[in-house]
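# Sequence plus predicted model, see below.
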Amino acid sequence: IINKLAQDSDIGVRLNIVPRPLTKEQLKLYVKENDFVVTDNLFDNHRNMFDYELTEYFVKNGSDNMKEAMSNFNFSLIILTKEQIEYLAQPKNSGFRTQGNLIRRYELSENTVIAILNFWQRYKLVKRELMGSLVYCYYLTETIVDRIIKNNDDLLKLELIENFLLYHHSPSVYQYAILQIFKSDDINFLIKALKKYIRIQEAMHLSLPVELLERLIKINYKKGNLEFADSLLRIQGIPQHFAERIIFDSLTNYKAVNLKEKDKWYYTFGKSTQYSSMIKQVMDYASGLKFI
């Protein structure tokens, strides 16, 4: 009777059978289950029965919904083997949500990650979701970072700056990611990126390469504004001669975001930084010239 009810077309019937003491063979009747509520209750009541043999059966024969649930460790408490991960990571064997779980939970090879991204290349929303899973992974390579950057999604780039795991696991790849992110010429994006970078700099003891600082200083001279310059002055470890250049360029050009923000940034520019007294001297000197 249980065998028949476990395969009933009515979701409510299948759900009512799940909490009962089921054998492994009866659990296999749910392998094609596509209702999330039924799947949820199945693992809540029987996750301890999923040994290698039963897990392997569900990996090879499960519905997309079942594979998604199994690949989410927090949901199923199942630890997949290397072979099972490689099987599910192939797009032909699972859906993109399962692959997203694998990206977050396991260390995938560069080739596997690139193959997944290539498969979903035409599906922008899917690709965006998968990259959203990637930006916090510790096993990124320069090739994977390039794929994330080339997606030209500012939010992904900002999230990548916050990847503490990547910094601790592979500082060189993290530094490479930072260099690629700050290659942008978009002032508004650079302001956001700098503010995020400054917030985490103290905790991660980071430093920007001199070549990158020189590039940001040139951008500030050509099309920067006081908000952008203020962020530059707050980078830890910035050499004083760079800071002096930023101060004089910014106050000479006196560019602000808009008229409303003009006074705000003029009077808060560099405040609470080690260069605040120098800025005041330059401002006082400039005021004297204007008066004359």
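Yes, it's here.

# Can you show me the helices along the stretch 151-292 of the chain?
Using DSSP state H, counting those that start in this stretch, the helices assigned to the stretch 151-292 of the chain run over residues 154-161, 164-169, 171-181, 187-204, 210-223, 226-233, 240-253, 259-268, 276-291.

# can you tell me the helix or strand for Asn118?
Following DSSP states H and E, one finds Asn118 within helix 110-119.

# let me redo that: Leu80
Using DSSP H and E, Leu80 sits in no helix or strand.

# still on that earlier bit, now the helix holding Asn118: how far from the chain's centre is it?
17 Å (CA atoms, centre = their mean, to the nearest Å).

# hmm, back to that, how about TSV for the helices of the stretch 151-292 of the chain, with mean neighbour count and mean pLDDT added?
C-beta: built from backbone N, CA, C; applies to glycine. Formatted as TSV, those follow (neighbours: other CB atoms under 10 Å; pLDDT from 0 to 100):
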stretch	mean neighbour count	mean pLDDT
helix 154-161	18	95
helix 164-169	16	92
helix 171-181	18	93
helix 187-204	16	89
helix 210-223	16	92
helix 226-233	23	91
helix 240-253	17	88
helix 259-268	12	68
helix 276-291	12	74
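
# Reformat those as JSON lines; add distance to Trp120.
Output for those, formatted as JSON lines (distance: least, CB to CB, whole Å):
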{"stretch": "helix 154-161", "distance to Trp120": "15"}
{"stretch": "helix 164-169", "distance to Trp120": "22"}
{"stretch": "helix 171-181", "distance to Trp120": "22"}
{"stretch": "helix 187-204", "distance to Trp120": "25"}
{"stretch": "helix 210-223", "distance to Trp120": "32"}
{"stretch": "helix 226-233", "distance to Trp120": "35"}
{"stretch": "helix 240-253", "distance to Trp120": "42"}
{"stretch": "helix 259-268", "distance to Trp120": "41"}
{"stretch": "helix 276-291", "distance to Trp120": "49"}
